[in-house]
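[1] compute the structure for the input listed below.
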Amino acid sequence: MTQPRETLVSITDTPYYHLISRCVRRTFLCGVDHKTGKSYEHRRQWIEDRLRILSSLFAIDLCSYAVMSNHLHLVVKLCPEQSDNWTTDEILQRWTSLFKGPLLVQKWLRGESLIAAEREIVIKIAEVYRKRLTSISWLMKCLNEPIARAANKEDLCTGHFWESRFKSQALLTEENLLSCMAYVDLNPVRASMAATPEASEHTSIKERLQPRFDLERAVERQIQQQSLQSFDLSSGLFIKPLAKFEGSVTQKRQTGILFDLEAYLELVDYTGRLLHPTKRGAISELLPPILQRLNLSSKIWLEQATKFEACYQKQFAKPRARKNTHAA
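    Sure, this is the predicted structure:
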């Protein structure tokens, strides 16, 4: 018997979870259907765009992801503490980027005058939204529903696109986390879709090595598909980087993955060379180690990794202070 999601997700046990969504009847999500020859490759970008935008709106970090032909893998970290300092305005801006919201919320965001009872209702609504913006279930709802609608519209059909609710797996130890992330990043290699991890498109490892996400284009595509209500680039919203590798444990408060990125790449490279009896692909033993393939010394890699983190800082101007007109 299936269990309620709330019984499977516990932030006190672990903030890390492996999520999987698969298409109904193994319908092609992306790639090329070998029977019909039709290409669905463009849908990979739909999903990657959506993932990065949702991660930036939610208090949830992306550790790794891979968009495959008929399913997708995510490893996420729940970070409810990120939402603790969000103001009512910020919560409402985030939520109304995805949903229109009730009339009172719209009036609040337009700066219209509200009586005390109306202001109290809006604040209560914002607290509901705050909780939703920390939820895996709401993250996957906001990811899967728009993708299903867009795909059905393109295929001129109706009905289920995903075979069931997403599957979630708690990653209780650091070993679980690293092995699952490596598994996700190696999915295209195992499926013979790519020869090496750094050559696999629409994966987190490719994005870590060659950051190229374009927020403006992603927002434009999502609004065209009516998958976003809005995303004001001048409002202070910005694209969140993938979960950061922080190296070994220190006395400072650490919010990222307690592992070194260079060591993780070597782990993925080593794991990818091992032949698996049920998988088609593996990294060729004839290839040099991954850091050599990327022409990176430890010093150069450290510099590039630092630039990678820096390039996702707030790129747009913070919102100008708005006159408080919510008073009665």
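[2] low-scoring stretches of the protein, by residue?
    1-8, 25-27, 230-238, 248-254, 275-278, 290-328 (pLDDT under 70).
[3] which residues in it form helices?
    Taking DSSP state H to define them, one finds helices in the chain at 5-8, 43-57, 88-96, 103-109, 116-132, 136-155, 174-185, 187-190, 204-209, 215-224, 261-273, 290-293, 298-310.
[4] isn't C30 right up against E48?
    No: under the criterion of C-beta atoms under 8 Å, C30 makes no contact with E48, lying 10.2 Å away. C-betas here are computed from N, CA, C, even on glycine.
[5] the more surrounded of those two?
    Counted by other C-beta atoms under 10 Å, C30 and E48 do not tie: C30 has more neighbours, with 23 against 20.
[6] which residues does that one contact?
    C30 is in contact with 40-44, 47, 67-69, 202, counting by C-beta atoms under 8 Å, 6 or more residues apart in numbering.
[7] hmm, back to that, mutual contacts of C30 and E48, please.
    Common neighbours of C30 and E48 (criterion: C-beta under 8 Å, 6+ apart): 67, 202.
[8] and the helices of the chain as JSON lines, adding distance to H18?
    As requested, those are exported to JSON lines (distance: least, C-beta to C-beta, whole Å):
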{"stretch": "helix 5-8", "distance to H18": "12"}
{"stretch": "helix 43-57", "distance to H18": "15"}
{"stretch": "helix 88-96", "distance to H18": "25"}
{"stretch": "helix 103-109", "distance to H18": "34"}
{"stretch": "helix 116-132", "distance to H18": "21"}
{"stretch": "helix 136-155", "distance to H18": "11"}
{"stretch": "helix 174-185", "distance to H18": "5"}
{"stretch": "helix 187-190", "distance to H18": "12"}
{"stretch": "helix 204-209", "distance to H18": "13"}
{"stretch": "helix 215-224", "distance to H18": "24"}
{"stretch": "helix 261-273", "distance to H18": "16"}
{"stretch": "helix 290-293", "distance to H18": "23"}
{"stretch": "helix 298-310", "distance to H18": "24"}
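[9] the ones you listed: which one's closest to T36?
    helix 136-155 (11.3 Å; C-beta to C-beta).
[10] geometric centre of the chain: which residue is closest?
    Computing the C-alpha centroid of the chain and ranking residues by C-alpha atoms, centre = their mean puts L51 first, at 3.7 Å.
[11] quick one: contacts for it?
    Residues near L51 by C-beta under 8 Å, 6+ apart: 62, 65, 74, 143.
[12] and the closest residue to the third one other than its chain neighbours, bridged to which residues?
    In space, L74 comes closest to L19 once its chain neighbours are excluded; the distance is 4.3 Å by C-beta to C-beta, 6 or more residues apart in numbering. On the basis of DSSP bridges, L19 is bridged to L74, S168.
[13] can you check I257 too?
    F245.
[14] what's the spacing between it and A282?
    25 Å (C-beta to C-beta, to the nearest Å).
[15] neighbour count: these two, which is higher?
    Counting neighbours by other C-beta under 10 Å for I257 and for A282 shows that I257 has the greater number, 24 against 17.
[16] would you agree the more buried one is in contact with E246?
    Yes: using C-beta under 8 Å, I257 is in contact with E246, at 6.4 Å.
[17] I'd like to know how many residues surround the nearest residue to P188 once chain neighbours are set aside.
    Closest residue to P188 apart from its sequence neighbours, by C-beta to C-beta, 6+ apart: S200 at 3.7 Å. S200 has 21 neighbouring residues, counting by other C-beta under 10 Å.
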